[in-house]
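K.L.:
Next come a sequence and a model predicted from it.
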Amino acid sequence: MTLSHTAQVSSRSCLAIVLAAGEGTRMKSAKPKVLHQVASRSMLGHVMATLAQAGATSTAVVIGPDREDVAKEVQEISAQARIFVQKDRLGTAHAVLSAREALAQPADDVIIAFGDTPLILPETFTKLRAPLSEGAGVVAMGFEAKDPTGYGRFITSGTELLAIREHRDASEAERAITLCNGGLMAIRGDLALSLLDRVENKNAKGEYYLTDIVEIAHGLGHRTAIAVVLEEEVHGVNDRAQLAAAERMIQDRLRQAAMAAGVTLVAPETVFFSHDTRLGQDVLVEPHVVFGPGVLVEEGAVIHSFSHLEGARIASGAGVGPFARLRPGALIGPKAKVGNFVEIKNTDLGAGAKVSHLTYLGDATVGAEANIGAGTITCNYDGFGKYRTEIGEGAFIGSNSSLVAPITIGKGAFVGSGSVITDDIPDNALGLGRGRQTVKEGWAIEFREKAQAAKKK
Ligand code: UD1
Ligand code: MG
């Protein structure tokens with residue numbers, strides 16, 4: 001892709017039509033196929049985000065009937081996207097034509113994408129559109145298939161694409177062709193409707209094939225071009241094994257991108273990212289860490305093994321884990337330490353604060369340099385409401401304490417270990433909430449004598 005291509009493409013308006021009406025029967029799922037996730041985002045979400053990055057100026061999504069769940073996802077991703085329902089599933093051209101109203105409005109380029117092909121890259125859409133700006137009528141995306149079975153085959157003459165023959169309709173000789181149709185297409189906007197309206201369903205499946213527009217356009221004297229991509233990018237998901245394969249490929253991309261940006265992954269193949277994970281320079285991630293959505297880790301922080309993070313921000317120089325769980329709203333301050341078997345939710349942990357072992361902090365604010373002892377629990381929930389715990393700067397919470405929220409523990413205050421704290425503690429005070437210890441001298445000797453005597457009887 002040359003720079004001039006990119007510039008030409010970006011000045012043109014572009015309608016993207018995403019086909020998402022497939023039933024996805026092979027997924028054997030109550031959930032529609034395009035809502036299944038890879039890297040913590042629906043496949044449909046990936047495709048729509050990629051189209052937006054590729055410069056689509058408007059988006060139409062074609063969904064199946066009674067799919068409020070898919071419509072809701074579309075709306076959440078983009079409020080501007082238009083939704084069209086394909087009532088009967090009569091083929092890919094029929095699906096595209098469900099968005100007739102969108103096609104009737106002028107756009108320089110139209111691109112067709114599939115909601116179950118999540119690995120496509122923005123630059124590939126740009127590459128697909130480029131020949132349109134040079135006068136082509138239709139551009140199809142081809143790839144060299146390791147196993148072409150099931151794919152449409154490209155019938156070519158030189159660089160011209162004459163037709164796409166679906167596997168079922170192909171002759172023996174045509175089936176030997178390995179340059180296959182990836183499914184995605186770009187069509188000149190002013191031609192799209194007239195080409196699609198000419199498609200018939202005289203084929204083995206009795207469906208209206210989008211692929212037929214190539215032969216139609218060629219017959220009308222329009223140039224039909226090919227854009228070639230790697231097979232990985234047009235990997236379509238039809239079953240759970242292909243979903244897992246898509247996850248592997250996308251994780252691999254995210255790992256490579258993290259390392260290229262200056263993050264150390266000790267064992268990259270064991271670290272799982274969300275599509276939106278952000279990691280600063282010199283972050284170190286030990287083996288076996290899972291990032292859910294919405295995590296930001298700033299420069300030089302260390303995430304130790306077996307930690308699970310979601311919706312959390314970890315400031316520079318902080319350490320998390322091993323075996324830590326950060327849930328949404330966990331804000332870990334600079335140089336703070338979260339140790340093993342600690343769960344933190346909706347809590348602001350101040351700079352340099354330490355929560356080293358076996359603790360639950362929920363709905364809390366912890367001041368800078370505070371020390372939270374092993375086994376501290378914020379009792380934030382009474383079965384109805386959630387309540388906050390405020391812990392001041394430099395406070396020291398003794399081990400095995402329950403802090404019954406709402407509660408405020410002042411700056412520099414101490415909590416005696418094993419306390420159940422139900423009343424606020426002022427700055428620099430000591431709070432104790434436990435039974436007083438009694439000591440009985442010689443009690444053990446007496447006890448043993450009695451017990452031995454009883455045993456002999
Ligand atoms: C399609 C191409 C084939 C290509 C292959 C690449 C056609 C006719 N064939 O075949 O050349 O090699 O993709 O994977 O286009 N859909 C609808 N409504 C319909 C039919 C399909 O929304 O009525 C959607 C599906 O959900 C899917 C996409 O369109 O996302 C492609 O349909 P699919 O049935 O998978 O086409 P293939 O047979 O794989
Ligand atoms: Mg398919």
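P.N.:
Good, I have the coordinates. Numbering: from 1, shown residues only. Ligands and ions are numbered 1, 2, ... in the order given.
K.L.:
so G416 makes contact with I425?
P.N.:
No. In terms of C-beta atoms under 8 Å, G416 does not count as a neighbour of I425; the distance is 10.4 Å. Glycine gets a C-beta too; all of them are placed from N, C-alpha and C.
K.L.:
More neighbours: which of these two?
P.N.:
Shown here are G416 and I425; by other C-beta atoms under 10 Å, I425 has more neighbours (23 against 16).
K.L.:
ok so, going back, overlap of the contact sets of G416 and I425?
P.N.:
G431 (C-beta atoms under 8 Å, 6 or more residues apart in numbering).
K.L.:
ok, N238 - contacts?
P.N.:
N238 neighbours (C-beta under 8 Å, 6+ apart): 24, 26-27, 33, 116.
K.L.:
one more time with 7 Å, if that's ok
P.N.:
Listed by C-beta atoms under 7 Å, 6 or more residues apart in numbering, the contact partners of N238 are R26.
K.L.:
hmm, the longest helix along the chain in reach of ligand 1?
P.N.:
The longest helix of the chain (DSSP state H) is helix 240-260. No. Shown here: helix 240-260 not in contact with ligand 1 (C-beta under 6 Å from any ligand atom), separated by at least 10.9 Å.
K.L.:
What are the buried residues along that helix?
P.N.:
By neighbour count on 16 or more other C-beta atoms under 10 Å, the buried set for helix 240-260 is 243, 245-247, 249-251, 253-255, 258.
K.L.:
do the same with stretch 84-101
P.N.:
Result for stretch 84-101 [16+ other C-beta under 10 Å]: buried residues 84-86, 90-99.
K.L.:
Could you tell me the end-to-end distance of it?
P.N.:
9 Å (C-alpha to C-alpha, to the nearest Å).
K.L.:
ok, and what's touching that stretch?
P.N.:
Stretch 84-101 is contacted by residues 17, 19, 21, 60, 62-65, 112, 196, 199, 201, 207-210, 212 when judged by C-beta under 7 Å, 6+ apart.
K.L.:
Please state the mean pLDDT value computed over that stretch.
P.N.:
What stretch 84-101 shows for mean pLDDT is 97.
K.L.:
And stretch 424-433, by the same measure?
P.N.:
98.
K.L.:
first to last residue in that stretch, what's the distance?
P.N.:
Stretch 424-433 end-to-end distance (C-alpha to C-alpha) = 12 Å.
K.L.:
Ok, stretch 48-64 next?
P.N.:
Across stretch 48-64, first to last residue, C-alpha to C-alpha, it's 17 Å.
K.L.:
how about it, does it reach ligand 1?
P.N.:
Yes. Stretch 48-64 is in contact with ligand 1 by C-beta under 6 Å from any ligand atom, via V62.
K.L.:
Outside of that stretch itself, which residues are in contact with it?
P.N.:
So stretch 48-64 is contacted by 10, 13-21, 23, 70-71, 74, 77-78, 81-86, 95, 98-99, 102, 107, 113, 120-122, 125-126 (C-beta under 7 Å, 6+ apart).
K.L.:
Could you do stretch 381-395 as well?
P.N.:
Applying C-beta under 7 Å, 6+ apart, the set of residues contacting stretch 381-395 is 350, 363-370, 378, 380, 397, 403, 405-413, 427.
K.L.:
buried residues in that stretch?
P.N.:
387-395.
K.L.:
which ones are touching the closest residue to A245 other than its chain neighbours?
P.N.:
Computed as C-beta to C-beta, 6 or more residues apart in numbering, the closest residue to A245 that is not its neighbour in sequence is H235, at 6.6 Å. Shown in contact with H235 (C-beta under 7 Å, 6+ apart): 117, 119, 245-246, 249.
K.L.:
And the residue of the stretch 301-450 of the chain closest to ligand 1?
P.N.:
E310 (29.5 Å; C-beta to the nearest ligand atom).
K.L.:
Now do the same contact list for that residue.
P.N.:
292-295, 326-328.
K.L.:
Which members of the residues you listed are positioned in helices?
P.N.:
Going by DSSP H, the helices hold none of these.
K.L.:
Tabulate those (JSON lines), appending neighbour count.
P.N.:
Below are the contacts of E310 laid out as JSON lines (neighbours: other C-beta atoms under 10 Å):
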{"residue": "G292", "neighbour count": "19"}
{"residue": "P293", "neighbour count": "17"}
{"residue": "G294", "neighbour count": "17"}
{"residue": "V295", "neighbour count": "24"}
{"residue": "L326", "neighbour count": "29"}
{"residue": "R327", "neighbour count": "17"}
{"residue": "P328", "neighbour count": "14"}
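K.L.:
ok, G418 - how many residues close by?
P.N.:
Look at G418: counted by other C-beta under 10 Å, it has 16 neighbours.
K.L.:
Please read the previous query as pertaining to R436.
P.N.:
Based on other C-beta under 10 Å, the number of other residues close to R436 is 5.
K.L.:
can you give me phi and psi for it?
P.N.:
phi -70, psi 140 (degrees, to the nearest 10).
K.L.:
Return the residues of the stretch 51-200 of the chain in contact with ligand 1.
P.N.:
Neighbours of ligand 1 within the stretch 51-200 of the chain, by C-beta under 6 Å from any ligand atom: 62, 86, 89-92, 94-95, 114-116, 151-152, 164, 166, 180-183.
K.L.:
Can you name the next helix or strand after the host helix or strand of A49?
P.N.:
Following DSSP states H and E, one finds A49 within helix 43-53. Counting by DSSP H and E, the next helix or strand C-terminal to helix 43-53 is strand 58-63.
K.L.:
Filter the contacts of stretch 84-101 down to just the ones in strands.
P.N.:
In this view, the contacts of stretch 84-101 that belong to strands under DSSP state E are 17, 19, 60, 62-63, 112.
K.L.:
that older thread, among the residues of the stretch 51-200 of the chain next to ligand 1, which ones are in helices?
P.N.:
Using DSSP H, these in helices are 92, 94-95.
K.L.:
could you redo the residues you listed as CSV and give each row distance to G431?
P.N.:
Shown next, in CSV, are these (distance: C-beta to C-beta, whole Å):
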residue, distance to G431
T92, 69
H94, 71
A95, 66
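K.L.:
mind listing the helices for this structure?
P.N.:
For the chain, the helices defined by DSSP H cover 3-10, 43-53, 68-77, 92-97, 100-104, 122-133, 172-175, 189-197, 212-219, 240-260, 443-456.
K.L.:
Nice, that's everything, thank you.
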